[in-house]
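Trainee: take a look and give me a structure for this.
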Amino acid sequence: FELSAPRLGGKLSELPLQAATLARTGGWRGILSMGRGLASMLAMLLPIATEATAHPALPALEACLRNTTGSVVIQGESSYDEARLCRNTRVDIVPFPLAVVRVSSEKEVQHAVRCAAAQGVQACARAGGHGFENAAGCSGGLTIDLQDLQDLAVEPDSQVVHFGAGHTLGQLYYKLKTEYDLVVPGGAESGVGASGLFLGCGRGMLTQLHGLACDTIQGVRYVDARGEVQYADADTNPDMLWMARGGGGEFPGIVTEFIVQAFPAPHMLHARDCTFPPEKAKALIKTWVSHLPEMSDPVHQMFTHITMWNSMYVNFPSLCFDCTPEQVEWFEAKVNEIADAVGGGTCHSFGHGWFDQLLFEAGRDRGVIENKAEALMDRNQGYGANGPVRASKNGGYLADSYDVSDEMLDTLTNWTFGDRRENYPWSLLVLIYNMAGPKITDVPASSAAYGGRDAKFVVHFKHQWNEESLTTHNDLMKHHHDMSVALERHMPCKSFYNYMNGDMPCANGDR
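Mentor: Residues are numbered from 1 along each chain as shown. Below is the predicted model of the structure:
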């Protein structure tokens, strides 16, 4: 019995079998929602599909799960299609778990794990369902949905937070800000599960001020493969605390509660946003990287990154958190220095609050989340649930030097603004984030499973589309793979654990 988030999901060559499974379980509604063209393609494959049969463990698994008070959905039931899905609608990773159980307590997690163990099937935790390859979907196993684990408490003297593993980042940010005026460092997308972000050592807007998410973890409660509740901190099961700090989906248990250090929440954000044409991308990245050491110093209370779409423009947005007039003056001068050195861009400044920034990041201006702070509490708003494109392939590489070669920059910009630009507009998003600064590098490498302490920045690239045709799927998956191969000639085979997968060319299919 294995308890982890598996890297499962069929390839296009396995679509006939998946089509048969869909037909048996009444799953065509889910495929139809992805696009009529792809549904038609699957329908053509169905006659040659191998006849699928029910898993022999399913009856006993179902009987065991029904003894819990959690909501249980089994293959073949009318609600199965909705219950099994994760956020990524890419057709080759559509999840097919034997069952999905939505738990409301730690005891129900224990019961579900014991049911899975008794039948020899895998159990996987799902908190937000935003995993890049839908690993939480647990094809062939049991998905344990944690979204109702919503307890939250704060130790007032130390500002240590205890939160249930079912929180999304938006829920966590909203509760901490409105009830305690606190924040934890994490990602920007409100619908992402906090559990995966913290276990994967995610970065975010507050990384240079407060460090990586996993470095704030002081302890975790978790259910092990036997269904027993365990605790890990610096004194008890310290090896498991180490694994929780960056091990991602490989953590060998289902975390039910995190104990993390919080910080005073930001109030006013001073922003300066600069936009450049695509031909300025190379000069912008090179200039930006050369100034990262200064901008990474927490004394400046600054966040900065670069965004490139394969259509239209390059964006260089930066933020200054609760800055004094002197800090704002330095911040504006630094951004202007970079922009002026590149030339050809336009910049503007503005100020707004923490919730305004979070709503922007979640897609307020695209209409995928309501323009009110309370919307952060709704896991079914934001890009993950309502974005205009829902299928994606993600990759990323950590750069361990400020010395960026012209060859690497030419490779990155050519693949970003190359031949996919006209055929597939807005299909490739490249995000370059600052990963440097003493809040990261001063943490002992031996304290966490995260292996990127010496990184200077990360290049994260995301191909995205709607599954309307096999041609679109194949073209963009191939472009992603070939872009990865090209970048690996210039960048280390090194990234966040939650970016890594067996298809990564430099991994040779062997994690």
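Trainee: what does the helix or strand hosting V100 contact?
Mentor: Assessed by DSSP states H and E, V100 sits inside strand 99-102. Outside strand 99-102, the residues that touch it by Cβ atoms under 8 Å, 6 or more residues apart in numbering are 58, 61-62, 65, 68, 70-75, 80, 83-84, 108, 112, 142-145, 147-148. All C-beta atoms are positioned from the backbone trio N, CA, C, and that covers glycine.
Trainee: kindly report the same for stretch 360-375.
Mentor: 170, 174, 178, 188-191, 355, 359, 376, 378, 381-383, 385-388.
Trainee: how about the CA coordinates for it, as PDB?
Mentor: Extracted in PDB, the C-alpha atoms of stretch 360-375 (Å, rounded to 0.1, in the frame of the first residue of the first chain):
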ATOM      1  CA  PHE A 360      -6.500  41.000  -9.500                       C
ATOM      2  CA  GLU A 361      -4.300  37.900  -9.300                       C
ATOM      3  CA  ALA A 362      -7.300  35.700  -9.200                       C
ATOM      4  CA  GLY A 363      -8.800  37.200 -12.400                       C
ATOM      5  CA  ARG A 364     -11.100  40.000 -11.300                       C
ATOM      6  CA  ASP A 365     -10.300  42.000 -14.500                       C
ATOM      7  CA  ARG A 366     -11.200  39.000 -16.600                       C
ATOM      8  CA  GLY A 367     -14.500  38.500 -14.800                       C
ATOM      9  CA  VAL A 368     -13.700  35.100 -13.400                       C
ATOM     10  CA  ILE A 369     -14.000  36.200  -9.800                       C
ATOM     11  CA  GLU A 370     -16.400  38.800  -8.200                       C
ATOM     12  CA  ASN A 371     -14.900  42.100  -7.200                       C
ATOM     13  CA  LYS A 372     -15.300  41.800  -3.500                       C
ATOM     14  CA  ALA A 373     -13.000  40.400  -0.800                       C
ATOM     15  CA  GLU A 374     -15.500  37.800   0.300                       C
ATOM     16  CA  ALA A 375     -15.100  36.100  -3.100                       C
END
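Trainee: buried residues in that stretch?
Mentor: For stretch 360-375, a neighbour-count test (16 or more other Cβ atoms under 10 Å) marks 360-364, 368-369, 373, 375 as buried.
Trainee: and for stretch 232-243?
Mentor: Within stretch 232-243, judged by 16+ other Cβ under 10 Å, the buried ones are 232-233, 237, 240-243.
Trainee: who touches R453 in this structure?
Mentor: Shown in contact with R453 (Cβ under 8 Å, 6+ apart): 440-441, 443, 445.
Trainee: now, of those residues, which are buried?
Mentor: 440, 443.
Trainee: so which of the contacts of R453 belong to strands?
Mentor: In strands, judged by DSSP state E, none of those are found.
Trainee: tell me which of the contacts of R453 is nearest to E332?
Mentor: Closest to E332 out of the contacts of R453 is I440 (25.2 Å), distances taken as Cβ to Cβ.
Trainee: confidence score at the closest one?
Mentor: Note on I440: pLDDT of 96.
Trainee: if I look at it, how far off is G246?
Mentor: 12 Å (Cβ to Cβ, to the nearest Å).
Trainee: do A125 as well
Mentor: Taken as Cβ to Cβ, the span from A125 to G246 is 17 Å.
Trainee: who's more crowded, these two?
Mentor: The neighbour comparison of A125 against G246 (other Cβ atoms under 10 Å) goes to A125, with 32 against 27.
Trainee: pLDDT score assigned to the more buried one?
Mentor: pLDDT, A125: 97.
Trainee: name whatever forms a beta bridge with it.
Mentor: With DSSP bridges as the criterion, A125 is bridged to I144.
Trainee: contacting residues for it?
Mentor: 5, 136, 144, 146, 165, 195, 254-255.
Trainee: CSV for the residues you listed, including secondary structure?
Mentor: Converted to CSV, the contacts of A125 look like this (DSSP: H, G, I helix; E, B strand; the rest coil):
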residue, secondary structure
A5, coil
A136, helix
I144, strand
L146, coil
A165, coil
S195, helix
I254, strand
V255, strand
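Trainee: looking at these, spot the one nearest E294.
Mentor: For those, the nearest to E294 is S195 (34.1 Å; Cβ to Cβ).
Trainee: so what's the closest one up against?
Mentor: 125, 127-128, 146, 165-167, 255, 258.
Trainee: check G70 too.
Mentor: Neighbours of G70 in contact, by Cβ under 8 Å, 6+ apart: 101-104, 108, 111-112.
Trainee: dump those residues into TSV; add neighbour count, distance to T304 and pLDDT as well.
Mentor: As requested, these are exported to TSV (neighbours: other Cβ atoms under 10 Å; distance: Cβ to Cβ, whole Å; pLDDT from 0 to 100):
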residue	neighbour count	distance to T304	pLDDT
V101	26	43	97
R102	19	40	97
V103	26	40	96
S104	18	41	96
E108	23	43	97
H111	22	47	97
A112	29	43	97
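Trainee: closest to N394 among the residues you listed?
Mentor: R102 (26.3 Å).
Trainee: just checking, G351 touches L269?
Mentor: Yes. G351 lies in contact with L269 (Cβ atoms under 8 Å); the separation is 6.6 Å.
Trainee: who's more crowded, the two?
Mentor: Neighbour comparison, G351 and L269: the larger count goes to L269, with 20 against 12 (by other Cβ under 10 Å).
Trainee: right, and that one touches W354 too?
Mentor: Yes. Counting by Cβ under 8 Å, L269 touches W354, with 6.7 Å between them.
Trainee: quick revisit: right, and the helix or strand after the strand holding V100?
Mentor: helix 106-119.
Trainee: got a list of what V443 touches?
Mentor: Contacts of V443 by Cβ under 8 Å, 6+ apart are 211-212, 215, 453.
Trainee: hmm, try it at 7 Å
Mentor: 211, 215, 453 (Cβ atoms under 7 Å, 6 or more residues apart in numbering).
Trainee: closest to V121 among those residues?
Mentor: The closest of these, once distances to V121 are taken by Cβ to Cβ, is D215, at 34.3 Å.
Trainee: okay, now the closest one: neighbour count?
Mentor: D215, neighbours per other Cβ under 10 Å, totals 22.
Trainee: so what pLDDT did it get?
Mentor: 97.
Trainee: for it, phi and psi?
Mentor: phi -70, psi -10 (degrees, to the nearest 10).
Trainee: where are the low-confidence patches of the stretch 1-150 of the chain?
Mentor: Where the stretch 1-150 of the chain drops to pLDDT under 70, the residues are 1-53, 69.
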